[in-house]
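Enquirer: the following comprises the amino acid sequence and a computationally predicted model.
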There are 2 protein chains.
Amino acid sequence: MKDFRTISANTRLCAVIGNPIAHSLSPAIHNAAFAELDLDFVYLACRVEDVKNALAGMRALENFRGMSVTIPHKIEAMKYVDEIAEADRSIGSINTVIHEKGRLVGLGTDGPGALKALVDAGIEIDGKNILMLGSGGAARAISFTLALNTKPEQLSILDIDEDMLQQLTADLKAGTNAPVTSDLLTQSALAAAMDTADIIIHCTPVGMHPNTDASLIPADLFRSGQVVFDIVYTPLETKLLADARSRGLTVICGVEMFINQAVLQFERFTGVDAPAEVMRRVVMEHLTS
Amino acid sequence: MKDFRTISANTRLCAVIGNPIAHSLSPAIHNAAFAELDLDFVYLACRVEDVKNALAGMRALENFRGMSVTIPHKIEAMKYVDEIAEADRSIGSINTVIHEKGRLVGLGTDGPGALKALVDAGIEIDGKNILMLGSGGAARAISFTLALNTKPEQLSILDIDEDMLQQLTADLKAGTNAPVTSDLLTQSALAAAMDTADIIIHCTPVGMHPNTDASLIPADLFRSGQVVFDIVYTPLETKLLADARSRGLTVICGVEMFINQAVLQFERFTGVDAPAEVMRRVVMEHLTS
């Protein structure tokens, strides 16, 4: 195992910034991956309130190569980078900053991480009806990624927050060619949407620890052949996924998206293929211990 | 040995900033010491041009606990800290920044490191005639530290740079009660000073690698009983020290000051006694390999 004696002036720093940060798994995941490939990087976790100066410091410390950005800084961090891809600008948040020859490049790996989870599970998206529950930050990242990179037959979004829902719908219509519809999340709207949905992506906190007995979807609405993806990963199997699995549906756990966003960050930090199985093992060890 | 799996959100960061920084021994020294005491710290080396933002970043990254500051940033760094002791302000440079509850405290350990080298060698300073050769940054740090913490009979300073010499002399007279005299460094002034000096402290680069056959002091000026301290440590034994040793004088190598400045930094970073022998071993391994 890589030890501290290997650290020299060539060692590059990566870190996650957020607040709170005490329970971040990111140092464990990335350091295990660096060690696996014997890369001269170290990954720390930093509690930060002042995002602006954290990024100014990254720019000044020339070997500070990569940053993961988490709550509550994913929106504000966009202001202090030099370059952001159009898709990430539309999404309105970033979770990654790469220090590239004196320039800071911001990008998001949450949406691509979710798409990779679907693809890795062998799910065909083109031509399918997608139902997305929720229109917050994760829903924005995932819906833009799908809209820009796949060809669903329809992308339906339901939420209880009408302002947020209308904003996302308008932004998707302005920024993509995806066939988007949206509706207020009511019992009847949900029942109607479930009737035609092929792939359901749940992007709200409902069912997250400690409220693990909650689910947005009454179990009798599931239809055979549906795919259910829940971005919640504490617990690893939410009530939503347990209900879907008991009906024989294909389920994808949020931990896949969490692992993939880290895998994609790692590949941007280092420029090499991530040892995804090592990263998965670290995540699963922590989440099941 | 401490490995990267121990890194978590509790891990604190220390780093040296400078330019160039590629050959810094500081990561090896401090990481070995952290590991020896099983302290949850990691130490990196960062090439930095923009000192202001490096320190702004330190302030924003809440677990960025300690910084070593080296050439060319020891003077400029003073501008961006919140607090500097009076002695360090007089010296005009710092080599250490401590992040203390949101405040950055600047301080110097070069002067105290030199004093500790003298004390550890059992040298009595009070009542003695000190001859200091040179009036640059290191001479400023050492002369102020001696002037404020010991009671020499006389502190004589010789240099070839008259402006720098007069500035240091004036600053010492204004800021301390030490009996300071100074003179331009000529053959006759050196001979006269050597005639009464008890302790000679050499603070110029003369004799440093690759010019290892040079020495400021003709060997025939040494008198028995004198102590000779050379702050140059590449080579470990300069011609000055070799000449002094061959006359039977007590000699102190600059590596002692180098080790001690790191020991004192470590103790400010961590709040615990440094494992000085471990740190010495790392330094000697690198300097003799």
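Expert: On my side now, so go ahead.

Enquirer: what does the pLDDT read for the residue in chain A positioned nearest to chain B?
Expert: Of all residues in chain A, residue A:57 sits closest to chain B, at 1.1 Å by CB to the nearest CB. C-beta here means a position set from N, CA and C on the backbone, and glycine is covered the same way. Per-residue pLDDT puts residue A:57 at 98.

Enquirer: so it makes contact with residue B:67?
Expert: No: taking CB atoms under 8 Å as the definition, residue A:57 is not a contact partner of residue B:67, at 11.0 Å.

Enquirer: joint contacts of these two?
Expert: B:54, B:58 (CB atoms under 8 Å, 6 or more residues apart in numbering or on different chains).

Enquirer: secondary structure element for the residue nearest to residue A:270 when sequence neighbours are not counted?
Expert: In space, and not counting its chain neighbours, residue A:270 is closest to residue A:39: 5.7 Å by CB to CB, 6 or more residues apart in numbering or on different chains. For residue A:39, there is no enclosing helix or strand under DSSP states H and E.

Enquirer: could you do residue A:65 as well?
Expert: strand A:64-69.

Enquirer: just checking: what are the partner strands of that strand?
Expert: Using DSSP bridges, strand A:64-69 pairs in its sheet with strand A:12-18 (parallel), strand A:96-100 (antiparallel).

Enquirer: is the closest residue to the residue of chain A closest to chain B other than its chain neighbours part of a helix or strand, or is it coil?
Expert: Excluding the flanking residues, the one nearest residue A:57 by CB to CB, 6+ apart is residue B:57, at 1.1 Å. The three-state label given to residue B:57 by DSSP: H, G, I helix; E, B strand; the rest coil is helix.

Enquirer: would you map the strands across the stretch 1-150 of chain A?
Expert: Along the stretch 1-150 of chain A, counting by DSSP state E, counting those that start in this stretch, strands occupy A:12-18, A:41-47, A:64-69, A:83-84, A:96-100, A:103-107, A:129-133.

Enquirer: mean pLDDT added to the ones you listed, as TSV?
Expert: TSV is the format used below for those (pLDDT from 0 to 100):
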stretch	mean pLDDT
strand A:12-18	98
strand A:41-47	98
strand A:64-69	98
strand A:83-84	97
strand A:96-100	97
strand A:103-107	98
strand A:129-133	98
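
Enquirer: return the distance of residue A:31 relative to residue A:15.
Expert: 11 Å (CB to CB, to the nearest Å).

Enquirer: now list whatever residues contact both of those two.
Expert: residue A:43.

Enquirer: ok, these two, which is more surrounded?
Expert: Higher neighbour count among residue A:31 and residue A:15: residue A:15, with 27 against 24, using other CB atoms under 10 Å in any protein chain shown.

Enquirer: could you find the closest non-adjacent residue to that one?
Expert: residue A:44 (4.4 Å).

Enquirer: what sits against the one you found?
Expert: Neighbours of residue A:44 in contact, by CB under 8 Å, 6+ apart: A:13-16, A:27, B:7, B:11, B:13, B:42, B:63.

Enquirer: go again using 10 Å as the cut-off
Expert: Going by CB atoms under 10 Å, 6 or more residues apart in numbering or on different chains, residue A:44 touches A:13-17, A:21, A:24, A:26-27, A:30-31, B:7-9, B:11-13, B:42, B:44, B:61, B:63-64.

Enquirer: over to residue A:118?
Expert: Contacts of residue A:118 (CB under 10 Å, 6+ apart): A:124-125, A:130, A:142, A:146, A:150, A:199, A:201, A:227, A:229, A:252, A:256-257, A:260.

Enquirer: at 7 Å instead, please
Expert: A:125, A:229, A:252 (CB atoms under 7 Å, 6 or more residues apart in numbering or on different chains).

Enquirer: against which helices or strands is the helix or strand that the second one is a member of packed?
Expert: Read that as residue A:229. Applying DSSP H and E as the criterion places residue A:229 in strand A:227-230. Applying 3 or more CB pairs under 7 Å, 6 or more residues apart in numbering or on different chains; DSSP states H and E, one finds that strand A:227-230 contacts strand A:199-202, helix A:239-246, strand A:250-253.

Enquirer: how far does it sit from the chain's center?
Expert: Computed by CA atoms, centre = their mean, to the nearest Å, the chain-centroid distance of strand A:227-230 equals 14 Å.

Enquirer: got the CA positions of it in PDB?
Expert: Output of strand A:227-230 as PDB, limited to C-alpha atoms (Å, rounded to 0.1, in the frame of the first residue of the first chain):
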ATOM      1  CA  VAL A 227     -36.800  -0.100 -15.000                       C
ATOM      2  CA  VAL A 228     -36.600   1.800 -11.700                       C
ATOM      3  CA  PHE A 229     -33.500   3.800 -10.900                       C
ATOM      4  CA  ASP A 230     -33.400   5.500  -7.500                       C
END
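
Enquirer: I'd like the average pLDDT over it.
Expert: Rounded mean pLDDT across strand A:227-230 is 98.

Enquirer: partner strands of that strand and their direction?
Expert: strand A:199-202 (parallel), strand A:250-253 (parallel).

Enquirer: what residues does that strand touch?
Expert: By CB under 7 Å, 6+ apart, the list of residues contacting strand A:227-230 reads A:117-118, A:123, A:198-202, A:238, A:240-241, A:244, A:249-254.

Enquirer: buried subset of these?
Expert: A:117-118, A:123, A:198-202, A:238, A:240-241, A:244, A:249, A:251-254 (16 or more other CB atoms under 10 Å in any protein chain shown).

Enquirer: residues in contact with the residue most central in space within chain A?
Expert: Central residue of chain A (CA atoms, centre = their mean): residue A:110, 2.6 Å from the mean position. By CB under 7 Å, 6+ apart, the residues touching residue A:110 are A:95, A:138, A:141, A:261.
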